[in-house]
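> Just a sequence and a predicted model for now, questions to come.
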Amino acid sequence: MEAKTEKLVIIGSGPAGLTAAIYGCRADLEPLVYMGTKYGGQLMLTSEVENFPGFPDPVLGPDLISKMKSQAERLGARLVQEDVVRVDFKKYPFEVYTGSGVTRALAVILATGANPRRLNMQSEMRLMGKGVSNCAVCDGFFFRGKKVAVVGGGDTAMEEATFLTKFASAVQVIHRRGELRASAALKKEAMANPKISFIWDSAVTEVLGDGRVQGARVKNLKTGAEKDVSLDGLFVAIGYDPNTEIFRGQVELDPKGYIAVRNGTESSVPGVFVAGDVHDFRYRQAITAAADGCKALLDAEKFVKQKLEVELVS
């Protein structure tokens with residue numbers, strides 16, 4: 001192999017990518033990590049994290065990423081804050097392109113994550129992590145005895161609403177249509193729950209609050225009438241978009257656009273491995289993403305070892 005070919009390139013810098021980097025250093029793979037210009041994934045927009053093992057006190061999402069980043073750097077990972085703009089997995093060694101050039105790699109781990117769809121309002125982003133959330137499992141505990149709303153009408157929205165009833169005193173579902181898009185079982189469960197009520201044919205036009213969510217302005221899309229709803233939290237559950245566009249045509253994607261995975265972490269291309277929310281549309285937790293990063297690295301380590309052994313023999 002060419003002298004400049006890397007043993008391992010990791011694309012992404014959330015819990016999956018940084019865990020892969022930490023384990024990659026321990027495996028002597030000298031990982032090169034393309035973090036992206038906006039690094040850290042969804043934890044960078046998360047306030048207090050209470051459910052990540054090893055932190056008896058809550059830790060801010062950006063602080064958790066900072067600790068992972070520092071650990072990877074201390075072990076020897078090379079972290080580059082550049083965006084990958086193109087890949088070529090049809091060549092071997094693989095080619096990864098950034099604005100500054102091309103890098104060749106014996107193995108690649110894809111850990112680019114997914115982005116929750118937004119309501120695209122300034123007030124939503126201003127109060128993100130201050131009562132606005134995209135994850136009931138992550139943040140539901142903070143709303144014990146509080147009034148919350150869930151925006152959406154699909155499976156994810158119904159799962160979030162039902163989960164939140166474990167903590168919240170009342171959950172309102174705000175949906176643009178007059179009926180739910182969720183599966184029959186989830187719809188039945190949500191509609192039978194006495195804590196859940198519905199605001200039909202409506203959309204949130206503004207999140208209200210000064211420093212914390214205090215309510216939402218809701219517009220009826222049929223009549224145009226607006227009303228303010230008093231709330232302590234707003235959960236936006238209108239879907240996720242995996243960051244897979246640059247991999248289209250290079251690895252197999254499923255119908256939702258997530259990277260298709262087989263045998264744990266393998267993509268459709270041998271030597272290209274997958275970790276975190278870029279394939280996981282079910283769990284979407286920092287801890288499961290970190291576990292994926294570990295597994296992807298262990299698989300990549302075996303692959304690289306085999307390639308280097310073949311090269312030595314030849």
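Here it is on my side, so go on. Given the structure is predicted, the values throughout are model-derived calculations rather than measurements.

> can you map out the strands along the stretch 1-150 of the chain?
With DSSP state E, counting those that start in this stretch, the ranges of strands along the stretch 1-150 of the chain come out as 6-11, 32-34, 48-49, 59-60, 78-80, 84-88, 94-98, 101-110, 114-116, 132-133, 147-151.

> Compare those and report which one is nearest to residue 260.
When these are compared by Cβ to Cβ, strand 101-110 sits nearest residue 260, at 11.6 Å. Just so you know, the C-beta spots here come from the backbone N, C-alpha and C atoms, and that holds for glycine as well.

> Against which helices or strands is the closest one packed?
Secondary structure elements in contact with strand 101-110, counted by 3 or more Cβ pairs under 8 Å, 6 or more residues apart in numbering; DSSP states H and E, are strand 6-11, strand 94-98, strand 272-274, helix 286-313.

> now that strand, how far from the chain's geometric center?
Centroid separation for strand 101-110 versus its chain: 22 Å, with Cα atoms, centre = their mean, to the nearest Å.

> got any ranges where the stretch 201-314 of the chain has weak pLDDT?
312-314 (pLDDT under 70).

> make it 90
281-284, 309-314 (pLDDT under 90).

> So for residue 291, what's the nearest residue that isn't a sequence neighbour?
Counting by Cβ to Cβ, 6 or more residues apart in numbering, residue 19 is the residue found nearest to residue 291 once chain neighbours are left out, at 7.7 Å.

> contacting residues for that neighbour?
By Cβ atoms under 8 Å, 6 or more residues apart in numbering, the contact set of residue 19 is 68, 275, 289, 290, 291, 292, 293, 294, 297.

> again with residue 168
Neighbouring residues of residue 168 by Cβ under 8 Å, 6+ apart: 140, 143, 144, 145, 146, 147, 148, 195, 233.

> Check which helix or strand it maps to.
Taking DSSP states H and E as the definition, residue 168 sits outside all helices and strands.

> for it, phi and psi?
phi -70, psi 150 (degrees, to the nearest 10).

> hang on, the earlier thing: out of the helices and strands packed on strand 101-110, which is closest to residue 177?
If you check each of the helices and strands packed on strand 101-110 against residue 177 by Cβ to Cβ, helix 286-313 wins as the nearest, at 31.4 Å.

> and that closest one with strand 101-110, angle?
For helix 286-313 against strand 101-110, the angle by axes from the mean of the first three to the mean of the last three Cα atoms, to 10 degrees is 120 degrees.

> Please compute how far helix 286-313 lies from its chain's middle.
Helix 286-313 sits 22 Å away from the centroid of its parent chain (Cα atoms, centre = their mean).

> tell me the pLDDT at the residue nearest to residue 291?
With respect to pLDDT, residue 19 scores 98.

> cool, residue 161 as well?
Per-residue confidence at residue 161 stands at 97 (pLDDT).

> so what's it up against?
Contact analysis of residue 161 by Cβ under 8 Å, 6+ apart lists 136, 150, 171, 173, 190, 193, 196, 235, 237.

> Setting aside sequence neighbours, what's the nearest residue to residue 48?
residue 58 (4.0 Å).

> what sits against the one you found?
By Cβ under 8 Å, 6+ apart, the contact set of residue 58 is 48, 49, 50.

> distance of the last one from residue 57?
With the distance defined as Cβ to Cβ, to the nearest Å, residue 50 ends up 9 Å from residue 57.
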